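K.L.:
Sequence first, then the predicted structure:
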Amino acid sequence: MLRQRRLLKLFGSAALLCAALLFLCAIPAVHAQVNQINPGLTQVARGTGLGTQDIRVIIARVIQVALSLLGIILVVLIIYGGFLYMTAGGNEEQITKAKGYLRNAVIGLVIILASVAIAQFVISQLIGATTGGGGGPGFEQQVTGRFGDYGSGALGEGIVQSHYPPPGATDVARNTRIIVTFKRPMDPASIIANGKIVAANIRIIKTADISGTIPQTAAGKFITDVDANATVDNKTFVFKPTQFLGSPTERVSYTVKLESGLKLADGTAAFGGAFGDGYKWEFETGTVVDITPPKVVSVYPRDGMSGLPRNTLIQVNFDDAVDPVTSSGDAPPFSNLTVVQNVGGTPTAVPGAWTIGNQYRTVEFRSNVKSGTNSCGADVYVLPANASIGVAVSAANAKTAPPQADLPYPFDGVTDVAGNALDGDGDGKAEGPTFDSVPFAFSTSGTLDTTGPQISAVAPTFDQSGADLTAPVAITMDEPLSATSISNSTISFGVKPNISLWYYATAVNLAATGEPAKAGETVVRTRAEIDHATLAPSVGLCLLGIRAGKDCSVDTDCPGGSCSVTRFDYYPNVTSGVTDMAQNCFYPACGTDPGKPFCCSGTACSTACAIASGGAVTCP
């Protein structure tokens, strides 16, 4: 009898121990699911046929099986005790023995069930607190681990305005330059040292060479022999590896990490708050180098236009991303693109600045002569009045190994991100400035254009459900826009509940047909597009029950629990920072009443928009 009691006590202690271990191991198992941890077993699994499940999940499952086995043993003991009782035939000793089995087995079973219930309850509450309620860091990680990259919102919500190659780009040329544009001027000393990258702050590495995490990876794995240059405003930085990236025989994935040591021009940290760890993205190189020279796709004003308002901007659009250092700057001294007045007579340079935008495919010129402000209070700059204006886009010399531009860098003309000189005449060859520079001319009037742009179409439409979660958001205006005014600084992309996903904005100039404008066609309107990470659909998580923390759609997916479904709503927001080609801001947003400057799902409002309980954007 004493032995039996000891055995039953042993079973009970084992049950408690297993339940405690289940509780301790279930938490990291849940986090393994949440964070999409890859312990580095994928390549081993391919060769051996073994699985790649996290070891913590495996341990938790083994303990769950052990608890189930103990439960089965106790049920067997109950049956055995019942058998002894039923067959005792009045034998008091056997009846007492049977009662002992039944009593102790039931106690052990209650202990196991209680242990499992308590552990499951605590775990499910932790899941609900960190993942099920929305808006918390655990919730962000759970969602973006499957539909995006947690922390990638630094491109959009944070300091990063754009970069090249873009996130997830494939077939990137092996001789590409890597470009990053920030929303504010940076301290170049935190990025460039002696013409090279500051390797501690700019990390470039083959993704396959990362050992666990970037901080855990040996320094020798990173690419550090990288030339670095900056535009004059210290917002855009160009990085050129001295050796080609990738391989001529296979695709290679690279990760670029901007570390937390980057500084703004005032010396403060560039990354902070939710993005304090910096920003990283991946792209994949193809197997070829780029030897195709870039071309000019369209210009504004179109060659030969006359009587344009003085506050008109000048715009040049390319068919490929161009190098910001060779295509933007303050003129003079910058001379790769020039603007002069008095075409046909003695030309005089028009001083101003060329800026780059639209994912490095567009450059725009604004003179440095101010003429008041627009309706949003921003400065407006004007060209000479009643003047003939000539513009020239200079091609770089490419004599040594065309289409590659001749050194030294920066080149003496516009080049693309692979260093190819401009093909201005469109014959497929880079022949230098004599043949491939692109001139065009127009004339100004003495008037100003003061009519601001309006939205003519959006896609997805207001309150649309079931939208494509991968397609860009399209916002079409009723006139040509300044492409450099379209960015994630002027067009935001909110998510409710909040998750941090990357996004950036680009511009597409449209002809009268509604198609992208080609060379020689008049640009009549512009479509702004918000490119973004794959958006999260509605996400359901089981609360309580044996599937706590697992995906679900309805309550029946969660035996013993319930399904908590989080719906995601997305809110594109176009601000008055967007301007047309005459520098007029997007104001008022709906109609012409300046007393109602906000546009909330197509309705003019006098104050900022509100989000109703159902998610719709309405006037307050």
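P.N.:
That came through, no problem. Treat the numbers as computed from the prediction; the structure is a model and nothing was measured. Residues are numbered from 1 along each chain as shown.

K.L.:
The residue nearest to Arg366 when sequence neighbours are not counted and Ile73: what is the separation?
P.N.:
The shortest distance from Arg366 to any non-neighbouring residue, by C-beta to C-beta, 6 or more residues apart in numbering, is to Tyr381 (4.9 Å). Heads up, the C-betas are built off the backbone N, CA and C, glycines and all. Using C-beta to C-beta, to the nearest Å, we find Tyr381 at a distance of 85 Å from Ile73.

K.L.:
Likewise for Thr415?
P.N.:
76 Å.

K.L.:
what about those two, which has more around it?
P.N.:
Counted by other C-beta atoms under 10 Å, Thr415 and Ile73 do not tie: Thr415 has more neighbours, with 29 against 17.

K.L.:
Confirm that one sits in a helix?
P.N.:
No - counting by DSSP: H, G, I helix; E, B strand; the rest coil, one finds Thr415 to be strand, located in no helix.

K.L.:
ok, it to Ala421 distance?
P.N.:
Thr415 is 6 Å from Ala421, by C-beta to C-beta.

K.L.:
which neighbours do the two share?
P.N.:
Jointly contacting Thr415 and Ala421 under the rule C-beta atoms under 8 Å, 6 or more residues apart in numbering are Ala396, Ala405.

K.L.:
Mind jotting down where the strands sit in the stretch 501-620 of the chain?
P.N.:
All strands of the stretch 501-620 of the chain, identified by DSSP state E, counting those that start in this stretch, fall at 503-510, 525-532, 539-544, 561-566, 569-574, 598-600, 603-605, 610-611, 617-618.

K.L.:
Give the burial count for Val256, as a bare number.
P.N.:
Val256: 20 surrounding residues under other C-beta under 10 Å.

K.L.:
Can we start the residue count at 271 from this point?
P.N.:
Yep, numbering from 271; the last one is Val526 now.

K.L.:
Give the next helix or strand downstream of the host helix or strand of it.
P.N.:
Using DSSP states H and E, Val526 maps to strand 522-528. Using DSSP H and E, the helix or strand that directly follows strand 522-528 along the chain is strand 549-555.

K.L.:
Can I get that following strand as PDB, trimmed to CA atoms?
P.N.:
What follows is strand 549-555, C-alpha atoms only, in PDB (Å, rounded to 0.1, in the frame of the first residue of the first chain):
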ATOM      1  CA  TYR A 549      16.700  50.300 -40.900                       C
ATOM      2  CA  LYS A 550      17.500  47.400 -43.200                       C
ATOM      3  CA  TRP A 551      16.300  46.000 -46.500                       C
ATOM      4  CA  GLU A 552      17.100  43.300 -48.900                       C
ATOM      5  CA  PHE A 553      17.500  43.100 -52.700                       C
ATOM      6  CA  GLU A 554      18.700  40.400 -55.100                       C
ATOM      7  CA  THR A 555      21.200  40.800 -57.900                       C
END
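
K.L.:
if we can go back for a sec, quick one: the residue nearest to Arg636 and Lys640 touch, right?
P.N.:
Yes - between Tyr651 and Lys640 there is a contact at 5.8 Å, judged by C-beta atoms under 8 Å.

K.L.:
the more surrounded of the two?
P.N.:
When Tyr651 and Lys640 are compared for neighbours, Tyr651 comes out ahead with 18 against 10, by other C-beta under 10 Å.

K.L.:
follow-up on the earlier one: the residue nearest to Arg636 and Ser755, how far apart?
P.N.:
Taking C-beta to C-beta, one finds Tyr651 at 13 Å from Ser755.

K.L.:
ditto for Leu578
P.N.:
Taken as C-beta to C-beta, the span from Leu578 to Ser755 is 18 Å.

K.L.:
quick one, which of those two is more surrounded?
P.N.:
Taking neighbours as other C-beta under 10 Å, Leu578 and Ser755 compare with Ser755 leading, 26 against 20.

K.L.:
per-residue confidence at that one?
P.N.:
pLDDT recorded at Ser755 is 97.

K.L.:
which ones are touching Tyr524?
P.N.:
Ile474, Ile475, Lys476, Thr477, Leu515, Gly516, Glu552, Phe553, Glu554, Thr555.

K.L.:
I figured the fourth one was touching Lys550, is that so?
P.N.:
The reference is to Thr477. No - checked against C-beta under 8 Å, the pair Thr477 and Lys550 is beyond contact range at 10.1 Å.

K.L.:
Any chance you could list residues touching both of those two?
P.N.:
Thr525.

K.L.:
Report back the residue of the protein that's furthest from centre.
P.N.:
Gly360 (78.3 Å; C-alpha atoms, centre = their mean).

K.L.:
quick one: that one from Leu354, how far?
P.N.:
On the measure of C-beta to C-beta, Gly360 and Leu354 end up 13 Å apart.

K.L.:
what does Ser726 give?
P.N.:
Taken as C-beta to C-beta, the span from Ser726 to Leu354 is 86 Å.

K.L.:
Neighbour count: these two, which is higher?
P.N.:
A side-by-side neighbour count of Ser726 and Leu354, using other C-beta under 10 Å, places Leu354 first with 19 against 12.

K.L.:
Please tell me how far the residue nearest the centre of the chain sits from Ala880.
P.N.:
What sits nearest the mean C-alpha location of the chain, by C-alpha atoms, centre = their mean, is Trp772, with 2.0 Å. According to C-beta to C-beta, Trp772 stands 27 Å off from Ala880.

K.L.:
do Asn644 as well
P.N.:
From Asn644 to Ala880 the distance is 27 Å (C-beta to C-beta).

K.L.:
So which of those two has more stuff around it?
P.N.:
Taking other C-beta under 10 Å, Asn644 and Ala880 do not tie; Asn644 has more neighbours (20 against 12).

K.L.:
How about Thr557: what's its closest non-neighbour residue?
P.N.:
Nearest to Thr557 is Pro518, by C-beta to C-beta, 6+ apart, at 5.4 Å.

K.L.:
can you confirm that neighbour is in a helix?
P.N.:
No - Pro518 is assigned coil when assessed by three-state DSSP, not a helix.

K.L.:
which residues touch it?
P.N.:
Here Pro518 is in contact with Arg444, Thr557, Val558 (C-beta under 8 Å, 6+ apart).

K.L.:
try it again with 10 Å
P.N.:
Counting by C-beta atoms under 10 Å, 6 or more residues apart in numbering, Pro518 touches Arg444, Gly556, Thr557, Val558, Val559.

K.L.:
Now do the shared contacts for Tyr651 and Ser755.
P.N.:
Going by C-beta under 10 Å, 6+ apart, residues that sit against Tyr651 and also against Ser755 are Leu583, Gln853.
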